[in-house]
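Enquirer: This is a predicted model, with the sequence first.
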Amino acid sequence: MSDCIFCKIVKGEIPSRKAYEDDEVLAFHDIHPAAPVHVLIIPKRHIATLADAGPGDEALLGKMLALTGRIAREQGSLEGYRTIVNTGRTGGQDVYHLHVHVIGGPRPLPRMIAKE
Ligand code: AMP
Ligand code: ZN
């Protein structure tokens with residue numbers, strides 16, 4: 001997707017502060033952090049929303065979720081974190097390239113981090 005900002009981050013055309021990378025997945029710090037730790041985990045391959053993922057994406061999605069603990073810990077969120085996947089218009093998704101928000105401490109988060 002040539003006009004997708006997260007695809008541009010994958011290609012290095014837009015800078016990001018990386019937290020993790022392998023051949024399938026990239027994690028980088030959110031540009032407007034909602035908490036001291038706020039990392040986005042994305043697939044390098046363009047998938048627009050979680051609703052567009054299918055059976056062929058199970059391993060990739062599992063990998064993304066299985067990385068959340070490691071990434072949160074490495075960023076200093078040692079006692080847990082919140083994962084959010086906003087999906088579609090109803091879900092308040094702004095960037096249409098699938099991403100898992102990992103939001104964390106060091107202190108407990110407010111009950112909800114809502115969108116304005
Ligand atoms: P969502 O509302 O779930 O689609 O979240 C999109 C997130 O992407 C927001 O938290 C933005 O702050 C973040 N974001 C947008 N552009 C960038 C960027 N260039 N680098 C890092 N994070 C970004
Ligand atoms: Zn994309």
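Expert: Yep, that arrived. If you're wondering where the values come from, they're calculated on a predicted model, not measured in any experiment. Numbers count the residues shown, from 1 in each chain. Ligands and ions are numbered 1, 2, ... in the order given.
Enquirer: can you give me the strands in this structure?
Expert: In the chain, the strands defined using DSSP state E lie at 18-21, 25-29, 37-43, 81-84, 100-104.
Enquirer: Which among those is found nearest to Phe6?
Expert: For Phe6, the closest of these is strand 37-43, at 5.3 Å, according to CB to CB. All C-beta spots, glycine's among them, are computed from the backbone N, C-alpha and C.
Enquirer: before we move on, back to that, redo the strands of the chain as a markdown table? Include mean neighbour count and mean pLDDT.
Expert: Shown next, in a markdown table, are the strands of the chain (neighbours: other CB atoms under 10 Å; pLDDT from 0 to 100):
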| stretch | mean neighbour count | mean pLDDT |
| --- | --- | --- |
| strand 18-21 | 15 | 98 |
| strand 25-29 | 20 | 98 |
| strand 37-43 | 23 | 98 |
| strand 81-84 | 18 | 96 |
| strand 100-104 | 23 | 97 |
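Enquirer: Spatially nearest residue to the spatially most central residue of the chain, not counting backbone neighbours?
Expert: Nearest residue to the geometric centre of the chain (CA atoms, centre = their mean): Leu40, 2.5 Å. The shortest distance from Leu40 to any non-neighbouring residue, by CB to CB, 6 or more residues apart in numbering, is to His99 (4.4 Å).
Enquirer: go on, Asp23?
Expert: Closest to Asp23 by CB to CB, 6+ apart is Lys44, at 7.4 Å.
Enquirer: Also Leu98?
Expert: Spatially, and ignoring its direct neighbours in sequence, Leu98 is nearest to Ile47 (4.4 Å; CB to CB, 6+ apart).
Enquirer: Wait, the one you found touches Ala53, no?
Expert: Yes. The pair Ile47 / Ala53 is scored as a contact, 5.7 Å apart, by CB atoms under 8 Å.
Enquirer: List the residues that are in contact with both of those two.
Expert: Leu98 (CB atoms under 8 Å, 6 or more residues apart in numbering).
Enquirer: before we move on, back to that, so what pLDDT did the residue nearest to Leu40 get?
Expert: Reported pLDDT at His99 in the predicted model: 98.
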